[in-house]
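Student: what would the 3D arrangement of this be:
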Amino acid sequence: MTAMVTIHYDQERHRVPAGRTLLAALEAVGMVFVRGVGCRGGVCGACTILYRLGQETDLRVGLLCQEVVAEGMEILPLPWFPQRKARHDMTLDSGESPDFRVINLYPEVTRCIMCGECSRVCPVELDVMGYVGMIKRGDLKGAARESFTCIQCQACAMRCPARIPQPNAALAARRYHGLHQVRRADHLAGAVARAASEKMKLTFRRLRRMSAEELRMLYQRREVEPADAPPGTWLPQDESLL
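Tutor: This next block holds a predicted model:
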């Protein structure tokens, strides 16, 4: 027989199968998730939860699709948190630097008291306090690198005593760094030019004339890059779309 454990989800008691993720276990006993669930792979941050284990005093943060059930877990779903979002259009005023614009958009980062709570609760173990410090110092490159795998779960913003919207500030840092500080790749410009060429226009016209079944068959017969191919070495035999 399957071992069962007792958990409390959103103040309701459930007996669920042991050894599964919270998402899989709750669905196994009939719960249907309409909101608060996304990729199911730990990437989107839609299923953020707060939980405690048994009699522990620590409040933990995790993802419904990643945390494994444990006896006595008390779980509260947190699909959304109202953090401030500054409006911006990616332009810079005359003489303005990208790092100054990000600080101007999110001056809250200067209030960081370096308590480390944001880094402690991050479910993907980012150094949130570290990249906030980089934004304060004007190091958008470092902030973009350190925050790149942020899943926008908003747990850090929820726990921050200085009320810093860390995910949104990091997103602005990545955007302004990418647009204003990173050199445009030559091969990307070439790809854009090829996409606008007459050859590609003819190809897209042919695809638009296909039926849904023809497109499905074309997709199923497509050449797939081998998983063990070294990066940048594989090319398909059919080079009509290159």
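Student: identify the residues contacting the residue most central in space within the chain.
Tutor: Nearest to the mean C-alpha position of the chain, by C-alpha atoms, centre = their mean, lies I151 at 2.7 Å. Residues in contact with I151 (C-beta atoms under 8 Å, 6 or more residues apart in numbering) are G42, V43, C44, G45, P123, V124. Every residue, glycine included, has its C-beta placed from N, CA and C.
Student: swap in M114?
Tutor: M129, G133.
Student: could you redo the last one with a cut-off of 7 Å?
Tutor: Counting by C-beta atoms under 7 Å, 6 or more residues apart in numbering, M114 makes contact with M129.
Student: and it, what's its pLDDT?
Tutor: Predicted confidence (pLDDT) for M114: 95.
Student: helices and strands around the helix or strand of the chain with the lowest mean pLDDT, which ones?
Tutor: Least confident helix or strand of the chain, by mean pLDDT, DSSP states H and E, is helix 186-195 with a mean of 85. Using 3 or more C-beta pairs under 7 Å, 6 or more residues apart in numbering; DSSP states H and E as the contact criterion, no secondary-structure element is in contact with helix 186-195.
Student: following it, which helix or strand comes up?
Tutor: Per DSSP states H and E, helix 186-195 leads on to helix 198-209 as the next helix or strand towards the C-terminus.
Student: which residues are in contact with T6?
Tutor: T6 neighbours (C-beta under 7 Å, 6+ apart): R13, R15, E71, G72.
Student: now the helix or strand harbouring it: buried residues?
Tutor: Element membership of T6, judged by DSSP H and E, is strand 4-9. For strand 4-9, the neighbour count (16 or more other C-beta atoms under 10 Å) marks V5, I7, Y9 as buried.
Student: and those, which is closest to C160?
Tutor: Closest to C160 out of the buried residues of strand 4-9 is Y9 (25.6 Å), distances taken as C-beta to C-beta.
Student: this completes my enquiry, with thanks.
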